[in-house]
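[1] here is a sequence together with a model predicted from it:
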Amino acid sequence: MAAWVRRLLRGIGSLTGVLLLVALWEWGSIHYGSFMLPGPRDTLTAMGRLAEQQALLAAMWATSWRAITGFALAALAGMAMGLAAGLSRTLGRVLEPVATVLLGIPPIAWIVLAILWFGSGSLASIYTVAATTLPIAFAGAQMGARTLDARLAELATAYRLPLTQRLWDLYLPHVVSYVFPALITALAVAWKVTVMAELLATDTGIGAGLALARVNLDTAAAMAWVVLVVVLLLVAEHGVLRPLQRRMEPWRTGH
């Protein structure tokens with residue numbers, strides 16, 4: 001099957017899922033009422049109102065910057081620690097309990113601690129995102145490094161492959177197959193935690209917009225902010241992570 005046909009079929013499948021979700025959303029709005037669950041049209045109207053007030057772009061930028069900064073810091077640190085823990089059993093025994101403890105702390109607890117440590121502002125949000133997503137990146141990198149096939153290493157040694165070729169052709173493809181699913185999960189967590197932190201710790205961003213909508217009992221505006229968070233997440237995932245994954249895993253493009 002031609003590549004363009006596969007892409008077309010995937011696009012049709014994704015569009016069908018989105019249309020089904022919108023249809024269920026509209027049905028829920030009709031069934032429960034627009035105050036309880038604003039429909040797609042009410043949400044778009046509220047989004048246009050927010051855009052006219054010039055609150056939309058600034059909030060999207062603030063939330064995106066905080067989420068991506070915290071996620072990037074956590075991804076770099078988590079992958080480095082995970083690779084080290086996967087390659088060294090001693091380091092693994094030391095770092096695994098730390099990652100487990102960090103993963104078990106609820107995001108709301110991190111937010112409260114961050115506010116106490118850093119005060120209200122962007123730093124509290126960024127720190128909370130980094131603290132909650134680092135264990136996820138760590139787990140993916142550690143599993144990828146730990147499950148490296150020893151026979152591949154022996155084969156590379158037997159054929160005297162250069163170190164750069166070993167890393168690029170043997171080790172990296174295996175590790176990234178574990179790292180990218182973890183990073184995609186961590187990215188979704190980053191957006192949710194950012195909005196939660198903004199709700200409590202800042203007066204800017206999508207979280208602050210949700211807090212204002214709650215005070216005003218404006219469910220349409222609240223739903224508009226929720227939709228914006230989902231859109232930003234999809235843009236970050238399919239505009240950055242997925243293309244990077246396809247470049248790092250070219251053998252998957254045929255599937």
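    Yep, that arrived. Numbering: from 1, shown residues only.

[2] need the helices for the stretch 151-255 of the chain, in chain order.
    163-165, 172-201, 206-215, 219-236, 242-248 (DSSP state H, counting those that start in this stretch).

[3] dump those to CSV, plus distance to residue 144 and mean pLDDT.
    To be clear about C-beta, it is placed using only N, CA and C from the backbone, and glycine gets the same treatment. CSV is the format used below for the helices of the stretch 151-255 of the chain (distance: least, C-beta to C-beta, whole Å; pLDDT from 0 to 100):
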stretch, distance to residue 144, mean pLDDT
helix 163-165, 18, 69
helix 172-201, 3, 88
helix 206-215, 33, 90
helix 219-236, 22, 89
helix 242-248, 12, 74
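
[4] name the stretch among those that sits most buried.
    With neighbours taken as mean count of other C-beta atoms under 10 Å, these reach their highest mean count in helix 172-201, at a mean of 21.

[5] show me what that helix is packed up against.
    If you count contacts as 3 or more C-beta pairs under 8 Å, 6 or more residues apart in numbering; DSSP states H and E, helix 172-201 packs onto helix 56-87, helix 107-118, helix 122-146, helix 206-215, helix 219-236, helix 242-248.

[6] any chance of CSV for the helices of the stretch 151-255 of the chain, columns distance to residue 102?
    Shown next, in CSV, are the helices of the stretch 151-255 of the chain (distance: least, C-beta to C-beta, whole Å):
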stretch, distance to residue 102
helix 163-165, 33
helix 172-201, 12
helix 206-215, 22
helix 219-236, 22
helix 242-248, 25
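
[7] ok, back up a step: nearest to residue 179, out of the helices and strands packed on helix 172-201?
    Each of the helices and strands packed on helix 172-201 has some distance to residue 179 by C-beta to C-beta; the shortest is helix 122-146, at 4.8 Å.

[8] rounded mean pLDDT for the closest one, please.
    Model confidence over helix 122-146 averages 91 on the pLDDT scale.

[9] packing partners for that helix?
    Other elements packing on helix 122-146 under the criterion 3+ C-beta pairs under 8 Å, 6+ apart are helix 56-87, helix 89-104, helix 107-118, helix 172-201.
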